[in-house]
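Colleague: Could you work out the structure for the sequence below:
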Amino acid sequence: MNLTPEELTRYARHIVLREVGGPGQMKLRAARVLIVGAGGLGAPASMYLAAAGVGTIGIVDDDTVSLSNLQRQIVHDTTTIDTPKVESAARTLNRINPHVAVEGHAQRLTQQTGPDMIDGPDLIDGYDLILDGSDSYQTRYLVNALCVAAGKPLISAAMTQWEGQVSLYHPAAGTPCYACVFPQAPADGLAPSCAEAGIVGALGGIIGSMMAMEAIKHITGAGQTLAGSLLLYDALYADSRRITIARDPACKVCGV
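Modeller: Residues are numbered from 1 along each chain as shown. I've put the predicted structure just below:
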């Protein structure tokens, strides 16, 4: 199906880019992207992907909107406090772009099934690209393992206080997985939560937008993604570094 006249106008600034064009926009419309976490990272990432015309956006989050979220989780607002985050996010994304289908999964992601859980392997298998913006190391390692098992590319990001990081992991294409770079979670107390350590709200917009940009490049084939690299950003000093990361042959998740 070709783009409609309304879509041609909506995505005109994409279509005139030679790296995207009509074919790239069609790839975006056909894409199915799953976002794990509708929080500080997933919020801006989901909004930019909806605006970009990604055809189907899945969101996994079992939390509800609280007042303290609103300093950075811009997909939600004051009127949606106490609403499930997947419902709040869906309302915003549908307002941004009615052409986008939003699939909400208001449950926990797990390797097993249960009354309040999602069967992780089945869920991951239903999408082309996974974005992990969760704030739990347990979830990050689980999402990575599920993506490796399914051969799916993963864009994973994290942030705390004034600093953030993002990369694209895809061992099926020869790049490292998350566990290659971070083989184990930090010891208790070394990586305090946002509630404990604090976080500047706009940082989520920066790193979340980077996640969306990596997704757009991966889907359309434009430019060079962060596959094989880790981008580190320090907002307090406006400093960024891009370091090369390598696959670990002894990795317990993707090693052979």
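Colleague: Only C-alpha atoms from now on, for both contacts and neighbour counts.
Modeller: Fine.
Colleague: so what's Tyr141 up against?
Modeller: Taking Cα atoms under 8 Å, 6 or more residues apart in numbering, we find Tyr141 in contact with Tyr178, Ala179.
Colleague: Assign a three-state SS to it, would you?
Modeller: Assigned with DSSP: H, G, I helix; E, B strand; the rest coil, Tyr141 falls in the helix class.
Colleague: Give me the local confidence score for it.
Modeller: What the model reports as pLDDT for Tyr141 is 95.
Colleague: And the one 10 residues further on, by the same measure?
Modeller: Among the per-residue scores, Gly151 shows a pLDDT of 96.
Colleague: Renumber starting at 896 from here on
Modeller: Yes, from this point I'll number from 896; that puts the last item at Gly1046.
Colleague: so it touches Pro1066, yeah?
Modeller: Yes. At 7.4 Å, Gly1046 counts as touching Pro1066 under the criterion of Cα atoms under 8 Å.
Colleague: neighbour-wise, which of those two wins?
Modeller: Neighbour count, other Cα atoms under 10 Å: between Gly1046 and Pro1066, Pro1066 has more, with 24 against 17.
Colleague: For the closest residue to Gly1021 other than its chain neighbours, list each beta-bridge partner.
Modeller: Leaving aside its sequence neighbours, Gly1021 sits nearest to Arg927 (Cα to Cα, 6 or more residues apart in numbering; 7.9 Å). Counting by DSSP bridges, Arg927 forms beta bridges with Thr951.
Colleague: got the contact list for Arg927?
Modeller: Neighbouring residues of Arg927 by Cα under 8 Å, 6+ apart: Val949, Gly950, Thr951, Ile952, Gly953, Gly1021, Tyr1022, Asp1023, Leu1024.
Colleague: which residues in the chain form strands?
Modeller: Along the chain, counting by DSSP state E, strands occupy 927-931, 951-955, 996-1000, 1003-1005, 1012-1014, 1024-1027, 1049-1055, 1058-1064, 1124-1129, 1134-1139.
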